[in-house]
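[1] predicted model and sequence below, questions to follow.
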Amino acid sequence: MSVKFVESADTFDEGSFFSSKNEYAEYLVLKYLIQTDEPVGSWVLKVMLGLKGIEFSTATIGRMLKEMDAKGFTKLAGAQGRAITSKGMNYAKIQSERIERERLQARLMMAAIPQSFDELIDLLDARKALECETARLAALRASSKDIEELEISLKKHEEVVKGKIDPTDIALDFHIKVAKASYNRFLIASLDILIYEELRLESQIAQLITRERGEEYLLQHISIVDSIKQRNASEAERRMGVHIETLISAIKEQAEGN
């Protein structure tokens, strides 16, 4: 069962995180037992699940509870019904954390989809904050192999510019390589999302001013790599900031001309 979103990440379908309706029902039962902090019978659980859109017969719920007992998630508490075990609490906690992570990732993905020049500028502002830090870290952490990869990227960029080919892909590849050289997986993952969405949007814009300034951006990339090679973290950070700000200014210039 794939994760689904309706209209926005705020309407995140929690149930779609689970592979089956039974698995989702188990999770809901465990959450309910945690909240009530006392044994609960099948009829109460039937009503609770019904309110969540899951219609199970009491017989089906009885079978599900026996399976949960076998897993060690619940235990029979006499005539009062079922109580949750420490194993059940831990399982419910793990699932809740995973669901929240999915929800937050969905919100980030939706926020990263620009719909206009203004939103593209916002996206670049976010990139600037992240990429100044990746450049700084790359100057401190980049291996000789990382620097070699950056230099290869620069050569490819130069070939593209000389051939008067759209430099967008190779230019963004350079930024990804700088991020990888930072060895910060959170920054890398965030930039992957932003760059993917930027490419998606830019592919829909027939005439984009940044495509015409490949030579200028190449020179800025070269200066960033020079700072990384010199292990000058503050200068790498500054030059990356100048570079992204140049991109933002170009987009603003185009937006104002439309």
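    Yep, that arrived. All values reported here derive from a predicted model rather than from experimental measurement. Residues are numbered from 1 along each chain as shown.
[2] can we go C-alpha only for contacts and neighbour counts from here?
    Will do.
[3] which parts of the helix or strand harbouring Ala135 are buried?
    Taking DSSP states H and E as the definition, Ala135 sits inside helix 117-141. Applying a neighbour-count criterion of 16 or more other CA atoms under 10 Å, the buried positions in helix 117-141 are 117, 120-121, 123-125, 127-128, 130-141.
[4] against which helices or strands is that helix packed?
    With contacts taken as 3 or more CA pairs under 8 Å, 6 or more residues apart in numbering; DSSP states H and E, helix 117-141 sits against helix 168-182, helix 185-202, helix 214-229, helix 233-257.
[5] just send those helices back as JSON lines, with mean pLDDT too.
    Converted to JSON lines, the helices and strands packed on helix 117-141 look like this (pLDDT from 0 to 100):
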{"stretch": "helix 168-182", "mean pLDDT": "92"}
{"stretch": "helix 185-202", "mean pLDDT": "84"}
{"stretch": "helix 214-229", "mean pLDDT": "93"}
{"stretch": "helix 233-257", "mean pLDDT": "89"}
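[6] redo those as TSV? Include mean neighbour count and distance to Ala25.
    What follows is those, written out as TSV (neighbours: other CA atoms under 10 Å; distance: least, CA to CA, whole Å):
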stretch	mean neighbour count	distance to Ala25
helix 168-182	21	41
helix 185-202	16	32
helix 214-229	20	53
helix 233-257	18	48
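[7] the ones you listed: which one's closest to Gly50?
    For Gly50, the closest of these is helix 185-202, at 37.7 Å, according to CA to CA.
[8] what is the orientation angle of the closest one with helix 117-141?
    Our comparison of helix 185-202 with helix 117-141, counting by axes from the mean of the first three to the mean of the last three CA atoms, to 10 degrees, yields an angle of 150 degrees.
[9] what packs against helix 185-202?
    In terms of contacts (3+ CA pairs under 8 Å, 6+ apart), helix 185-202 is packed against helix 117-141, helix 168-182.
[10] using CSV, list the CA coordinates for it.
    Extracted C-alpha coordinates of helix 185-202, given in CSV (Å, rounded to 0.1, in the frame of the first residue of the first chain):
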residue,chain,number,x,y,z
ARG,A,185,23.8,13.4,4.7
PHE,A,186,21.1,15.7,5.9
LEU,A,187,22.3,18.6,3.7
ILE,A,188,22.8,16.2,0.8
ALA,A,189,19.3,14.8,1.0
SER,A,190,17.7,18.3,1.3
LEU,A,191,19.6,19.6,-1.7
ASP,A,192,18.7,16.5,-3.8
ILE,A,193,15.0,17.4,-3.3
LEU,A,194,15.4,21.1,-4.1
ILE,A,195,17.6,20.5,-7.2
TYR,A,196,15.2,17.8,-8.5
GLU,A,197,12.2,20.2,-8.2
GLU,A,198,14.2,23.1,-9.7
LEU,A,199,15.1,20.9,-12.7
ARG,A,200,11.4,19.9,-13.1
LEU,A,201,10.3,23.5,-13.1
GLU,A,202,13.0,24.9,-15.3
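[11] with that, I have no additional questions.
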